[in-house]
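Colleague: give me a 3D structure for the following:
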Amino acid sequence: MKNSRWLSVYAVAAYGFLHLPLAVLAVFSFNSSRFTRWEGFSLTWYKAAFADTQLGEATVNSLLIALAATLLATAAGTLCAYGLWKRNSPWITTSLYLSLVTPEIVMGVALLALYQWIFRYLAIRLGMHTVILAHVMFCTAYVVTVVSARLRAFDHSLEEAAMDLGATEWQAFLRVTLPQLAPAVVSAALLVFITSFDDYVITSLVAGVDSETLPMVIYAMARKGFNPSVNAISTLIVAALGGLILVSNRLERSEEER
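Modeller: Next comes the predicted model:
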């Protein structure tokens, strides 16, 4: 009982340490004052954030990049996980996970060098397309990890039974395997969307002048000086992404219960 109480105290302290800054941020986003002194409830900074054209354009860019990266990375990662499951190659699987442990700054510099080398031969510049390709590259491994975990519990005999009944390998995948993987695929897609939308380091290195994302704009605004609009837009981001995390967690739990 004594150990249980100490563990409870430790858990509360750990959660407070992690989430107290976010709670303070949310509270002062409704403060009428520009400073960290409460002067009254107000939606002034939310109105200012929605009226800021730079924030609006950056939000649209972030959403377009995240949606495109989610679709491409989810499709590529699901097929890659399925291929690795069929082939059962530990070496290829281990090498794919390299992007998960590589520091973002290293990956960003490597991608920038690759783009610069390619641009010598092609008349292409940095822009939305280079950011999307970069996000697909480092997000595919997340999809492979999530989908592979589901495939390890999948009964291979179901596919064999479908093919014995006349289905082709592709038809067996679409009609038997993919429906079983749907919760894991959706969960992986949500994870990719959150990761892509939130990325700053790699994006800042491979983005063009006309492809600034919301994290880049927020960081630039924070460096210039304290702007309460940052509190408002950050609170909205935390709420939106937190909702996606809850949905993803719910899908994972339903998959485990099955």
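
Colleague: contacts and neighbour counts: CA atoms only from here.
Modeller: Noted.

Colleague: so the residue nearest the centre of the chain is in which element?
Modeller: The residue lying closest to the centre of the chain (C-alpha atoms, centre = their mean) is T195, at 1.8 Å. Taking DSSP states H and E as the criterion, T195 maps to helix 178-198.

Colleague: what about the helix or strand following that helix, average pLDDT?
Modeller: On the C-terminal side of helix 178-198, the closest following helix or strand by DSSP H and E is helix 201-206. Averaging pLDDT along helix 201-206 yields 90.

Colleague: helix 201-206: how far from the chain's middle?
Modeller: 15 Å (C-alpha atoms, centre = their mean, to the nearest Å).

Colleague: which strands or helices does whichever helix or strand comes after that helix pack on?
Modeller: Using DSSP H and E, the helix or strand that directly follows helix 201-206 along the chain is helix 214-224. For helix 214-224, the packing partners by 3 or more C-alpha pairs under 8 Å, 6 or more residues apart in numbering; DSSP states H and E come out as helix 53-87, helix 228-257.

Colleague: so which of these is the most surrounded?
Modeller: helix 53-87 (a mean of 19; mean count of other C-alpha atoms under 10 Å).

Colleague: tell me which other helices or strands the helix or strand that contains A141 touches.
Modeller: A141 belongs to helix 128-151 when assigned by DSSP H and E. Here helix 128-151 touches helix 53-87, helix 98-101, helix 178-198, helix 201-206, going by 3+ C-alpha pairs under 8 Å, 6+ apart.

Colleague: how far away is A73 from G56?
Modeller: 25 Å (C-alpha to C-alpha, to the nearest Å).

Colleague: for I237, same thing?
Modeller: In terms of C-alpha to C-alpha, I237 sits 13 Å off from G56.

Colleague: what sits up against stretch 230-243?
Modeller: For stretch 230-243, contacts defined as C-alpha atoms under 8 Å, 6 or more residues apart in numbering pick out 22, 25-26, 28-30, 45-46, 49, 194, 218, 221-222.

Colleague: ok so, going back, and of the helices and strands packed on helix 214-224, who's closest to E160?
Modeller: helix 53-87 (12.4 Å; C-alpha to C-alpha).

Colleague: following that closest one in sequence, what is the next regular element?
Modeller: By DSSP H and E, the next helix or strand past helix 53-87 is helix 90-96.

Colleague: in the chain, where is pLDDT below threshold?
Modeller: Within the chain, the segments meeting pLDDT under 70 span 1-3, 225-226, 251-258.

Colleague: that one - how does it break down into domains?
Modeller: Per automatic domain parsing, the structural domains of the chain span 1-42, 52-257.

Colleague: determine which stretch of those is the most buried.
Modeller: domain 52-257 (a mean of 17).

Colleague: relative to the whole chain's centre, how far out is that domain?
Modeller: The answer for domain 52-257 is 6 Å, by C-alpha atoms, centre = their mean.

Colleague: ditto for stretch 15-32
Modeller: 22 Å.

Colleague: picking up where we left off before, closest to Q171 out of the helices and strands packed on helix 214-224?
Modeller: Comparing the helices and strands packed on helix 214-224 under C-alpha to C-alpha, the one sitting nearest is helix 53-87, at 14.0 Å.

Colleague: and that closest one, what does it pack onto?
Modeller: Checking 3+ C-alpha pairs under 8 Å, 6+ apart, helix 53-87 ends up next to helix 128-151, helix 178-198, helix 214-224.

Colleague: next, the angle helix 178-198 makes with it.
Modeller: Per axes from the mean of the first three to the mean of the last three C-alpha atoms, to 10 degrees, the angle that helix 53-87 makes with helix 178-198 is 140 degrees.

Colleague: now helix 53-87 against helix 214-224, angle please.
Modeller: Using the same axes, to 10 degrees: helix 53-87 against helix 214-224 is 130 degrees.
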